[in-house]
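The following block contains a protein sequence and its predicted model.
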Number of protein chains: 2
Amino acid sequence: MFESASLGRSYSTKEYDALKEDLRGRLFAAQREAREHDVPALVIIEGVDGVGKDAVVNLLSAWMDAKNIRNHTFWLETDEEKKRPEAWRYWRALPGKGEMAVFFGGWYSEPIRKFCCGGLDENDFNRRMQRWARLERALAASGTLIVKFWLHIGKKAHKERLEQRLKHKGHRSFTPYDKKSEENYDALVSAAAKAITITDRAYAPWTLIDAFDANFRNVAVTRALTAALSSAVAARETLAQEAPVMTSQACPEGSSMPERDDAAAFNALDAVDLSSAREHSEYKKKLAALQEDIYALTYKAWKHGISSTLVFEGWDAAGKGGAIRRLTAGMDARIVRVIPISAPTDEELAHHYLWRFWRHVPMAGFVTVYDRSWYGRVLVERVEGLTPSADWKRAYAEINDFEAQLREPHNIVVKYWLHISQEEQLRRFRERENTPWKQYKITEEDWRNREKFPAYMEAAEEMFARTSTEEAPWHIVPAEDKKYARLDVLRIYRDTLKKALKRI
Amino acid sequence: MFESASLGRSYSTKEYDALKEDLRGRLFAAQREAREHDVPALVIIEGVDGVGKDAVVNLLSAWMDAKNIRNHTFWLETDEEKKRPEAWRYWRALPGKGEMAVFFGGWYSEPIRKFCCGGLDENDFNRRMQRWARLERALAASGTLIVKFWLHIGKKAHKERLEQRLKHKGHRSFTPYDKKSEENYDALVSAAAKAITITDRAYAPWTLIDAFDANFRNVAVTRALTAALSSAVAARETLAQEAPVMTSQACPEGSSMPERDDAAAFNALDAVDLSSAREHSEYKKKLAALQEDIYALTYKAWKHGISSTLVFEGWDAAGKGGAIRRLTAGMDARIVRVIPISAPTDEELAHHYLWRFWRHVPMAGFVTVYDRSWYGRVLVERVEGLTPSADWKRAYAEINDFEAQLREPHNIVVKYWLHISQEEQLRRFRERENTPWKQYKITEEDWRNREKFPAYMEAAEEMFARTSTEEAPWHIVPAEDKKYARLDVLRIYRDTLKKALKRI
C-alpha cells in the first residue's frame, strides 16, 4: 500500500520556493471559500514517527487563516474523558460550521499503536475501526469535510530519523521515548494499512504522503487539502441547486432503509391497555419504597462506576416532568443531572445534531436524565418537515450507534415513552389552562401538535421499531393514571439497575 | 447571628397546605417574569448538615419550571477542575441570561468546612471569602441575581437529626459520614457566621432560614426567592427607563475610579523608541536558539505543572499572528492551544464577559495563547461605545482579579502589546491589499479604526496604567521591525519562564 509513499521524492529549496507562493495563495483561498460556505472541516494528521506531523500542523496554521483553525492533540486523557465513552473527547473537539479542526493523531493513533504492539486483539481493533468509520459517515452526511493524511517514510529513513531525533533533543520528551516504535516499524505499518483499508471511504478518504522530504511533503499535503476544500465547496453549490436529496446521495450506505410499506406493521401503542393500568392504593408508600430501593441501587452503581442515561419522551401532557421529579427524588442530588431539551444554541446548531447530547453524557457512576432527547430528530423534526427525510432516516442508525456507546461496557440506557389517550390529553390541556402555574405549559403549538396526532403516531411507531435494541429497549408506560405511570417509571429503572448490577 | 433561625418555628400540615398553592403560584410567576426579563439567577443553598438542603433543591425544581433550572453540586472535583484555578469549575456552571442555576453548596462549602476543622487558616479563609465577594460583585454588576440561603437548626436538633439519619440510611453514603461534623457544630456555625459577615452584601445578600420544620423552611425559602426575583425584575424595569447609569448604581464599590484627569500622565507608548529596535543579523539562528530554549523550559514547566497564559494585543497589522506562530513553533504542539478571539457565540453573550475566556484557561503545565483577549472590554468596546462606561471602568478591577487567579500559585501570565507607528501601519495595510492571501486581513473596519487612533491610544494607555500589575505586567514590544518583534516576544517569554522556574 505504501510503495508510492516510500519513494523519498523531494523538491530542492529552489523548486519549493518557486511553488510556495502559488500553493499558499490557493490553499488560503480554498479555506476562505469553505468558510463562506459554512463547511466544517476535519483534518486528521497521522503517520509513522519522525515524519514531521507537528511541522505539518504548524504549516497549516501558518498558511491559512489561523483564526479559523483549532489544533487538537489527544495524548493526555483527562478523567472527565476516561470516565465517558471513548468518542466523547473527540466529539468535544469536532468543528462547527465554517470551522476547521486539525487533529494531531486523533482516533486512529491509539488503536493503531496498541494493535501493532499486541495491546489490542484483532477483533477489538476491527470493531474500533468500524466505529470510527460510522462516526465519519455520520459527520460526512451532515456536511463535514473529512481529510485524512498518513505521512509516510521507508523503514531505513525512519530508523535514521529516530536516531537523529534522540541525539538532537536529548531526553526531553513529553511522552516516554518508545524504542519499540523503531523496532516495530513493520508491525506499525501493517496495522496502519489495516486501519486505512477499513476506513478509506469516498466521503472520508485517506491520502498517503511521501514525507521523506519536508518540501515534498508540504506540497503534497497542501495540494490535497486545497483540492478537498474546493470540491467540498463545489458539492455545496451543486446541492444548493438540487436541494433535499443531498445526504442520501453523499452517503449511499446510510440509506438502506426499507420503504414505508412496513409501517403498518408497527402498532406498539395501540396494543397498550391504558384503562387497566391504574394504581389504587398505597401510592405514597409504594413510591417511597421504590425511591429507597433506587437510592441503594444507584449508590451501588456509583461505587462500580456504572452510569445511567435515562430518556423521557411521550405525548404532550403525558406527565414526563412529574415522573422525572419522583425518580430523581429517589437519588442523591449529587449524582444526577436533568437536561431539559429545548431550542438549541447557535454553538449546538453549528454541529452534528448529536453534539448537544454528547455534551451531557454522564461520567462513570453518574446519571443523566434527558427530558426530551435526540429522538426529536425522528419525531418533531420529521413530522414538522424541519429535516430532509434522508437525514432523519439515517438518524435511526446513528442513534443506535450512539446508544450502543453509552451502554458499553456495563452502563444503563433506559428509554421511556409516556403514553396517554387523546381524550386524556384534551382533559389535561383544559386543566392546564385553568391552573395558574400550569398555563405556561400549554401553548398554541400544543394544540397544533394535537391535530397532527396521526403523523406523530406513525413516527413514534417507526421509532420504536427501529431503535428498540436489546441494549436499549423502549419502555412504553401507560400514563393515563399519573400515579401508576410514576411507579412504573421507577420500577423499570429499579429492575434495570438490578439486572445491570448482577452482570458485574 | 443565628438566633432567629434557631427558634424551631413550624407550620402544621394544615397551615402549610393552606399556604402552598398561593406560594407556588407566586414563585412560579416570579420565575417566569425573571426569565422574560433575561435575568440570570444564581441560588446558593448552604447550611448545617441534616437540614434538608437536597429537599429544598428538589422543591425548587418541582415548584418552578424545571426546564429553566440547572442544579449543580460540587462535591466531586475532576482533574480538569483541579488543574485549573479554583473558580474555573464555578464559572463553568454559571447561569446565562434567563437561566437559573441552583448551587447545592457551591463556593462556600469547602472553605467553611475546612476552616472549622482546622484545615485552613484564618488568613486563607478571609482571602477566599473576599474572592467570592468580588466574584459575586462582578456577577451582580453584570446583571446576575444572587440569592444565598443558609439553612439552620439549633445544636440539639442537629444532633438528633444526624443520629436519625445514620439509623435510617444505614451506611450508604456518597461521602464518608463525618462524625466531626456533629462534634464541630459550634465551630461550623462560627465559621459560617464569619463567611456570612464577609460576604453579605446588598447585591448578594444571605437569607438565614429556620429549617427545623420542613414546612416552615419551604415557606421561608420560597417567599424569599419570590421576593428576590420580583425585585430583580423591578430593578430591570427601572433601569430600562434610565438606561446607562445602571451598573455603577447597582454596585457602588465597583466605581471607585479616579476621574479621567490623570489620563494625561499615561504615555507608555510615546516613550517607545521604535527606530532603534531593529534586528540586523542572524535572525534565523537567534530564532532557532530561542525556540530551543523555550522548548526545554516549557518541558520543565509542564513537569512542574506550571501553566502559561499569553495575551497578544496591539495595533492592527502589528504582526501578532506572525509572532504567535514563531512562539508556538518553539513548543510541543501537544501542550499549546491558540485561541483567536472573534465574535462571541450566543452562549458566550448570555454570560459575564469573562466567561468566554475562562472556558479556555490552561490546565496545569499547559499553555494558552489568546490572540486578542478580555482587554477588548477596555479597548474596542470602550472606544466604539459598545459598553457603558461604568461597565468598562469596572472591568480593570475584574481583569486584575481574573489574572491574579491565573497566576496562582506559580503560573505565568504574559501580556504583549505589539506597537507600530501609524506610518508603518499604513504601509502594511497597503501591502496587505496587494497580497492575495493577506487581502482578507484588511477591511473597511481597519481603515475606520485607524481614524480613531487617538481614542485607541488613550484607551491603551489607561489600560497599561491600570492593569500592569507586578504579577502580570504589560510588555510593550516595538514591532516596527517584524524580526525584532518576534525575537523580543520569544525572549520575554523565555525570561519569564526562567524566573518562574527559579521560584519553585
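Sure, I can see it. Numbering: from 1, shown residues only, chains lettered A, B, ... in the order given.

give me the number of residues near residue A:446?
15 (other Cβ atoms under 10 Å in any protein chain shown). Any C-beta I mention is one placed from the backbone N, CA and C, and that applies to glycine too.

list the contacts for it?
Contacts for residue A:446 were tallied using Cβ atoms under 8 Å, 6 or more residues apart in numbering or on different chains; they are A:316, A:317, A:429.

Report the separation between the last one and chain B.
With distances taken as Cβ to the nearest Cβ, to the nearest Å, residue A:429 is found 17 Å from chain B.

pLDDT score for the residue nearest to that residue when sequence neighbours are not counted?
With Cβ to Cβ, 6 or more residues apart in numbering or on different chains as the criterion, residue A:429 has its nearest non-adjacent residue at 5.5 Å, and that residue is residue A:442. Looking at residue A:442, its pLDDT stands at 80.

I figured residue A:442 hits residue A:435, correct?
No: the pair residue A:442 / residue A:435 is not scored as a contact, 9.6 Å apart, by Cβ atoms under 8 Å.

Now residue A:84: closest residue in space, sequence neighbours ignored.
Nearest residue to residue A:84 in three dimensions, chain neighbours excluded: residue A:361, at 5.4 Å (Cβ to Cβ, 6+ apart).

Look at the one you found and tell me its secondary structure.
Judged by DSSP: H, G, I helix; E, B strand; the rest coil, the three-state class of residue A:361 is coil.

which ones are touching it?
With Cβ under 8 Å, 6+ apart, residue A:361 has these contacts: A:84, A:85, A:88, A:309, A:368, A:406.

can you do 10 Å?
A:83-85, A:87-88, A:91, A:307, A:309, A:368, A:402, A:405-406, A:411 (Cβ atoms under 10 Å, 6 or more residues apart in numbering or on different chains).

Can you tell me which of those residues end up in strands?
A:309, A:368 (DSSP state E).

Widest-spaced pair of the contacts of residue A:361?
Farthest pair in those (Cβ to Cβ) is A:83 and A:402. Separation: 17.5 Å.

can you map out the strands along the stretch 251-400 of chain A?
For the stretch 251-400 of chain A, the strands defined by DSSP state E, counting those that start in this stretch cover A:308-314, A:336-340, A:367-371.

from those strands, which stretch is densest packed?
Comparing the strands of the stretch 251-400 of chain A by mean neighbour count (mean count of other Cβ atoms under 10 Å in any protein chain shown), strand A:308-314 ranks first with a mean of 24.

Tell me how far that strand lies from the chain's centre.
Centroid separation for strand A:308-314 versus its chain: 18 Å, with Cα atoms, centre = their mean, to the nearest Å.

and if you look at stretch A:410-417?
Chain-centre distance of stretch A:410-417: 17 Å, with Cα atoms, centre = their mean.

what sits against the residue nearest to residue A:429?
By Cβ under 10 Å, 6+ apart, the neighbours of residue A:442 are A:316, A:317, A:428, A:429, A:430, A:431, A:432, A:433, A:434, A:435.

One more pass at 7 Å, please.
A:429, A:432, A:433 (Cβ atoms under 7 Å, 6 or more residues apart in numbering or on different chains).

Can you pull out the residues in contact with the helix or strand hosting the first one?
Using DSSP states H and E, the secondary-structure element containing residue A:429 is helix A:422-433. Residues from elsewhere that reach helix A:422-433 (Cβ under 7 Å, 6+ apart): A:315, A:316, A:317, A:438, A:439, A:441, A:442, A:446, A:450, A:453, A:480.

let's see 10 Å
The contact list for helix A:422-433 (Cβ under 10 Å, 6+ apart) reads A:274, A:315-319, A:420-421, A:438-443, A:446-447, A:449-450, A:453, A:457, A:479-482.

what's the distance between it and the middle of its chain?
Taking the mean of its C-alpha atoms, helix A:422-433 sits 37 Å from the chain's own mean (Cα atoms, centre = their mean).

Export only the CA atoms of it, formatted as PDB.
Extracted C-alpha coordinates of helix A:422-433, given in PDB (Å, rounded to 0.1, in the frame of the first residue of the first chain):
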ATOM      1  CA  GLN A 422     -56.100  11.700  23.100                       C
ATOM      2  CA  GLU A 423     -59.100  12.200  25.300                       C
ATOM      3  CA  GLU A 424     -56.900  12.300  28.400                       C
ATOM      4  CA  GLN A 425     -54.600  14.700  26.700                       C
ATOM      5  CA  LEU A 426     -57.500  17.000  26.000                       C
ATOM      6  CA  ARG A 427     -58.600  16.900  29.600                       C
ATOM      7  CA  ARG A 428     -55.200  17.800  30.800                       C
ATOM      8  CA  PHE A 429     -54.800  20.600  28.300                       C
ATOM      9  CA  ARG A 430     -58.000  22.100  29.700                       C
ATOM     10  CA  GLU A 431     -56.900  21.600  33.200                       C
ATOM     11  CA  ARG A 432     -53.600  23.300  32.500                       C
ATOM     12  CA  GLU A 433     -55.400  26.300  31.100                       C
END
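
Can you name the residues that contact the nearest residue to residue A:75 once chain neighbours are set aside?
Nearest non-adjacent residue to residue A:75, counting by Cβ to Cβ, 6+ apart: residue B:334, 5.2 Å away. The contact partners of residue B:334, by Cβ under 10 Å, 6+ apart, come to A:54, A:71-76, A:104-105, A:174-175, B:302, B:366.

Quick check: buried residues in stretch A:116-134?
By 16 or more other Cβ atoms under 10 Å in any protein chain shown, the buried positions in stretch A:116-134 come out as A:116, A:117, A:120, A:125, A:126, A:128, A:129, A:131, A:132, A:133, A:134.

So which of the residues you listed reach chain B?
Among those, no residue sits close to chain B (Cβ under 10 Å from any Cβ of the partner chain).

Check those residues and tell me the two furthest apart.
Comparing every pair within these by Cβ to Cβ identifies A:117 and A:134 as the most remote, at 25.5 Å.

if I read this right, residue A:9 contacts residue A:213, doesn't it?
Yes: with contact defined as Cβ atoms under 10 Å, residue A:9 counts as touching residue A:213 (6.6 Å).
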